[in-house]
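S.K.: build me a model from this:
(chains A and B)
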Amino acid sequence: MEHHDVVIIGGGPAGLTLACELRERGRKDVVVLEREAQAGGIPRHCGHGGFGLYNSWRTHKGPTFAKLLREPAREIDLRTATTVLNFTMSGNLRLHSAKGIQEMSAGTLVLATGTREASRAARLIGGNKLPGVMNTGELQQRVYLNHEKPFSRPVIIGSEWVSFSSLLTCRHAGMRVQAMITEEASLDAPGIFGLGARLVFGAPVLRKAKLRAILGHKKVEAVEVEQGGTTKQIACDGVIISGKFRSESALYADGFIEREGWAPKVTEQFKTSRPNVLAVGNVLGHLERAGTCMLQARELAKVMTA
Amino acid sequence: MSERFDIAVIGCGVVGLAILRRLAMSGLKAVALEKGADILSGASKGNSALLHTGFDAPPKSLELKCMQAGYAEYLDIRQNLNLPLLETSAIIAAWNEEEKAKLEGIEKKARANGVNDVKQLSPTELRIREPQLSRNALGGLLVPGEHVIDPWSAPLAYAHQAIAHGAKIIRKAEVTAARFEKDAWHLTTAQGEVTARIVINAAGLYGDKVEALARTPSFEVKPRKGQFVVFDKPAAKLLRAILLPVPTARTKGVVLFRTIFGNLAIGPTAEETDERENATTDTATLEKLKARAIEMLPALKDVDVTALYAGLRPATQQSEYIIEADEKQNWITAAGIRSTGLTGSLGIAQHVSALYAKHFGKLPKKLPPPKWTPVPNLAEHAIRPYMKGGEIICHCEWVTRGEIEAATKGPLPAGDLAGLKRRTRATMGRCQGFYCAQHVSAAFEKAKHGAS
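M.R.: Sure thing, here's the model as predicted:
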């Protein structure tokens, strides 16, 4: 069975940075496992700017940022299109790649699997099952990677940072956002978007409002929203369900390590409940910018080589 | 279309396809007409996927007869068609004294229905079998023969086998008119005219509408909606048996069960509705279902919800199946087949075949040997294609590019994205498309265009 000193699951900002940093600090036997065909994580499909502010004092669009991340990673053992299926009883990894399934053992295992938005199902949003309902993640892949325009008059559910990222994506693709709908009393995203705004980029903001149902026959025609005890319909042709990020926890949801909510429970030193298993980056459950995840990874590299 | 068929089956749900298979294998020249873009696009797309023993069916009913014949035939043919079986057993759990008192009656009925291996469980026996179950359960009745199957691969296999025996399946072929002329039905469809000596109405949710094209319907379809909540895979290890409630006169009630795809689900509700096309879910009901599941299985509170769905059952004003032949009109009706249709379908097909022989002509005695058309396995507990390698496209359900390509080929390629999902599980996992939806639809388009 293949064995490595350090195995990192996830080739996004945290995983790639950790691998490079460990290598610079003299740990040579480091492997990064990435299930997508290309490493780089979520920035790969965030076509708008704002990445890298905390690292290089200049900002990049997501895909450029992802490319910059991958460049130093050329020196490391990065295995793309490689999925970790699960762990064996003894804690070894079961890997899937084009060749089939193999096992791997690790001296130290690092979970850097990142995060994703809660799906429509996880939020128990009712109505019809229709195309044209998606998370920001799918929207951005469709718009920036495939150059599709899945709808033209969507509503956005949520008011976190990523909801504004959705809004920028819609503007980029020439869509007219019909409304931003948030359960909060004020907008969650701070700063430039303005607290308590009634309009964001021309889109009305419905606060203390809950999406009850998505309606339509063959495609989305309207959403039903409950606000202040009354229910009303807003016409639209797509629904972007944004935010409510949760750790990509499939690998440890089965009791491999202890959790706190959906995230692994960790100490300040990134240690999980299982010896030699660490976790870093957005898998820890707080949605951070890519730069923050990279800083965390540098911190962890220091701890691991101290 | 000048081709003349012996049989035209209207509706490609599980019942229509099982009938098509049986008659094609009996040597008849058969065609099936489907309104949707793909098979299983009506009532058969959303059910609870259980293989029932018939322990609680009305004694001596046609429903019971078809279920038990269907159950036996499924077990008989499943290996040849590569159809899975998750042997779970079922437990009817009693949550209060009143329900507990009813268990004996259910046990008696099961025995009367020929299901003799049922057994009452004390609270301790229940706990040993299901340690995660809420301690509020006062006991239960074990039905060892109840199992979980794949609701989509089974009818797909029936369709493939029918095609291998010469049957034809035409999709996007809604029947809009029917006239009887010169000993045959001439059906006007969206894909041209189809001529057949006998018509079999297996139109499910549209059974009464199709019936009305030719005759005065003796029944009215009053769809009954069932909503379901599906939990993520770690939930599946929390329960072994299918957990049934003590039934009421109207419904079997809300069931907690493992799915063949490795999840755990709760449902269905039973709601009268006018919807025939789109089954809607509603947040208030979904919240109640989720809460009920957690109440029965407390550890579920730490498991995320993966999917939601709603199905429609083609209920009519009577609870019994309506299966009859009209000798004068060259017409067979198979209607009002509700939640037991998946189990009953092969038995219904046997019954319809007997009706055909009785009223419309003997079936050939000497038949060519059956041609078996195994389908790819989608069951989590059996061997799946990714295990041999390949490129995984859907990361939650481990669906490979090869599976998506295969689903666009063969005699009955996936008709739309929904059909592709039913053939592969793609995008049905916990991320619900966050990572993979655009890869899956791109791979589907690419494979489709590559194939044509």
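S.K.: going forward, measure contacts and count neighbours with C-alpha atoms only.
M.R.: Will do.
S.K.: burial count for the residue nearest to A:Lys219 when sequence neighbours are not counted?
M.R.: What sits nearest to A:Lys219 in space, not counting adjacent residues and going by Cα to Cα, 6 or more residues apart in numbering or on different chains, is A:Leu130, at 5.6 Å. Neighbourhood size, A:Leu130 [other Cα atoms under 10 Å in any protein chain shown]: 18.
S.K.: wait, what's in contact with A:Leu130?
M.R.: Contacts for A:Leu130 (Cα atoms under 8 Å, 6 or more residues apart in numbering or on different chains) come out as A:216-220.
S.K.: what residues does chain A put near chain B?
M.R.: Residues of chain A lying near chain B by Cα under 8 Å from any Cα of the partner chain: A:35, A:81, A:83, A:96-101, A:116-122, A:124-129, A:134-138, A:141-142, A:212-213, A:217, A:253-254, A:261.
S.K.: if any of those residues are buried, give me the ChimeraX selection for them.
M.R.: Restricted to buried positions by 16 or more other Cα atoms under 10 Å in any protein chain shown, the ChimeraX selection for those reads:
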select /A:35,81,83,96,97,98,101,116,117,118,119,120,121,122,124,125,126,127,128,129,134,135,136,137,138,141,142,212,213,253,254
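S.K.: re the thing from before, so which of the contacts of A:Leu130 wins on neighbours?
M.R.: That'd be A:Val220 among the contacts of A:Leu130, by other Cα under 10 Å, with 22 neighbours.
S.K.: the closest residue to it other than its chain neighbours and chain B: what is the separation?
M.R.: Leaving aside its chain neighbours, A:Val220 sits nearest to A:Asp237 (4.8 Å; criterion: Cα to Cα, 6+ apart). Separation of A:Asp237 from chain B (Cα to the nearest Cα, to the nearest Å): 17 Å.
S.K.: my read is that A:Asp237 contacts A:Lys219, right?
M.R.: Yes. Assessed by Cα atoms under 8 Å, A:Asp237 is found in contact with A:Lys219 at 7.1 Å.
S.K.: shared neighbours of these two, anything?
M.R.: Joint contacts of A:Asp237 and A:Lys219 (Cα under 8 Å, 6+ apart) are A:Gly132.
S.K.: mind naming the longest helix for chain A?
M.R.: For chain A, the helix with the greatest residue count under DSSP state H is helix A:290-305.
S.K.: I would like the residues contacting it, please.
M.R.: Counting by Cα under 8 Å, 6+ apart, A:13-15, A:17-18, A:21-22, A:25, A:27, A:43, A:51-55, A:269-270, A:280-282 sit against helix A:290-305.
S.K.: buried stuff in that helix?
M.R.: So, applying 16+ other Cα under 10 Å, buried residues of helix A:290-305: A:290-301.
S.K.: which residue packs closest to the residue of the stretch 301-450 of chain B found nearest chain A, ignoring adjacent ones?
M.R.: Nearest to chain A in the stretch 301-450 of chain B, going by Cα to the nearest Cα, is B:Gly389, at a distance of 3.4 Å. Of all residues beyond its chain neighbours, the one nearest B:Gly389 is A:Gly100 (3.4 Å), with distances taken as Cα to Cα, 6+ apart.
S.K.: which residues of the stretch 51-200 of chain B fall in strands?
M.R.: Here the stretch 51-200 of chain B has its strands, by DSSP state E, counting those that start in this stretch, at B:90-94, B:119-121, B:139-143, B:147-148, B:168-170, B:175-181, B:184-189, B:192-201.
S.K.: picking up where we left off before, and the longest helix of chain A, how far from the chain's centre?
M.R.: 18 Å (Cα atoms, centre = their mean, to the nearest Å).
S.K.: ok, now stretch B:4-11?
M.R.: On Cα atoms, centre = their mean, the centre of stretch B:4-11 falls 21 Å from the chain's centre.
S.K.: now do A:Ile101 against A:His4, distance only.
M.R.: Between A:Ile101 and A:His4 the computed distance is 17 Å (Cα to Cα, to the nearest Å).
S.K.: with B:Ala437 instead?
M.R.: 33 Å.
S.K.: go on, B:Glu220?
M.R.: 67 Å.
S.K.: A:Glu117 is in contact with A:Val283, correct?
M.R.: No. Using Cα under 8 Å, A:Val283 is not in contact with A:Glu117; the gap is 12.0 Å.
S.K.: in the chain, which spans are helices?
M.R.: By default, I'm working from chain A. A:13-24, A:53-56, A:62-70, A:136-140, A:161-172, A:290-305.
S.K.: could you do chain B instead?
M.R.: Under DSSP H, chain B gives helices at B:14-25, B:62-81, B:97-112, B:123-129, B:153-164, B:207-214, B:283-296, B:341-360, B:401-407, B:417-424, B:437-451.
S.K.: and these, which is most packed in?
M.R.: helix B:14-25 (a mean of 28; mean count of other Cα atoms under 10 Å in any protein chain shown).
S.K.: if anything else comes up later, I'll come back, but that's it for now.
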